[in-house]
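Participant: After the sequence you'll find the predicted model.
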Amino acid sequence: MDEPAIEVEPRRRERPEALALLKPRRKRGSRLRWLWRGIMLLVVVALLPLALTMLYRLPAVPAPSTLMVRDALTFQGYDRRWMPIDEMGTNIVYAVMMSEDGQFCAHQGVDWTALNTVIEGAMSGERTRGASTISMQTTKNLFLWHGRSMIRKGIEVPLSLYVDAVLPKKRIMEIYLNIAEWGPNVYGAEAAAQYHFGRSARDLSARQAALLAVSLPSPLTRNPSNPGQGLNRLANTIERRAAQAGAYVGCLR
């Protein structure tokens, strides 16, 4: 006897109306996931300098600059020879401080008086000039991009206050002297001394140190080993100030 046929219920298909409702939900969910990932990436990028600053408290860590990282990633290579600040001698240390930031030992990362003067001048239409302290320049070189930008400056100021609060002044100066750009793919005082004068930073004369210091604002166009009259005049001033630094450099001793 034949068994009765089993009726198979036809597979239910989603109505076009239901599918139309599901697609926007899927798109919204995907967008939210990407938005969340973007937010998390921004948080990581924002927290990275805070964590690295704590790491850079360790004397054994030779901090790199963003320009050095760029040179490495683009296979250009660079010359940087890390040297502890106590091995550099005072000539280059005092010359750079008196040239770049004479109030370095007195402020907490930002020279508010100089910064306010620049802001007021810019608002009145005057040509702006730099008001960056050594702490700010160190922060920029370690974590930020180069070039004039109000966005970068807005990040640089609070981050510099943090760096100055976490790192001792002497360590900030040590890092700066080892990451400052002194020529094409040349970073740090030791590499600069070898590149421009064929000697170690510890053996620089007061004059040579002053010439290196005054070339820092424009290291790719100012040549301390072949200075013009203008650079020589600046070096005369800095050499004199460095010799009379006295209490100004108390935080570096």
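Facilitator: Everything's here; your move. Numbering: from 1, shown residues only.
Participant: Please make it C-alpha for all contacts and neighbour counts, starting now.
Facilitator: Noted.
Participant: Who's the closest spatial neighbour of residue 98, skipping the chain neighbours?
Facilitator: residue 242 (6.0 Å; C-alpha to C-alpha, 6 or more residues apart in numbering).
Participant: Might one say that the one you found is in contact with residue 94?
Facilitator: Yes. Between residue 242 and residue 94 a contact is recorded at 5.3 Å, counting by C-alpha atoms under 8 Å.
Participant: Now name the helix or strand holding residue 157.
Facilitator: Residue 157 is part of helix 150-166, with elements assigned from DSSP states H and E.
Participant: helices or strands up against that helix?
Facilitator: helix 16-55, helix 134-143 (3 or more C-alpha pairs under 8 Å, 6 or more residues apart in numbering; DSSP states H and E).
Participant: following it, which helix or strand shows up next?
Facilitator: helix 169-179.
Participant: Give me the residues contacting that following helix.
Facilitator: 57, 59, 62-65, 80-85, 93, 105, 134-135, 137-138, 141, 164, 187-190, 251-253 (C-alpha atoms under 8 Å, 6 or more residues apart in numbering).
Participant: Apply 7 Å and report the result again.
Facilitator: Applying C-alpha atoms under 7 Å, 6 or more residues apart in numbering, the external contacts of helix 169-179 come out as 63-65, 82-85, 135, 138, 187-189, 251-252.
Participant: In PyMOL, how would I select just the buried ones from those residues?
Facilitator: Per 16 or more other C-alpha atoms under 10 Å, the buried members of the contacts of helix 169-179 correspond to this PyMOL selection:
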select buried, resi 63+64+65+82+83+84+85+135+138+187+188+189+252
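Participant: now, which of the contacts of helix 169-179 lie within strands?
Facilitator: Taking DSSP state E as the definition of strands, the contacts of helix 169-179 contribute residue 187.
Participant: Turn the contacts of helix 169-179 into JSON lines, including pLDDT.
Facilitator: Converted to JSON lines, the contacts of helix 169-179 look like this (pLDDT from 0 to 100):
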{"residue": "63", "pLDDT": "97"}
{"residue": "64", "pLDDT": "97"}
{"residue": "65", "pLDDT": "97"}
{"residue": "82", "pLDDT": "98"}
{"residue": "83", "pLDDT": "98"}
{"residue": "84", "pLDDT": "97"}
{"residue": "85", "pLDDT": "97"}
{"residue": "135", "pLDDT": "97"}
{"residue": "138", "pLDDT": "98"}
{"residue": "187", "pLDDT": "98"}
{"residue": "188", "pLDDT": "98"}
{"residue": "189", "pLDDT": "98"}
{"residue": "251", "pLDDT": "95"}
{"residue": "252", "pLDDT": "94"}
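Participant: wait, which of the contacts of helix 169-179 is closest to residue 145?
Facilitator: residue 65 (9.9 Å; C-alpha to C-alpha).
Participant: How about the closest one, nearest residue that isn't a chain neighbour?
Facilitator: residue 142 (4.5 Å).
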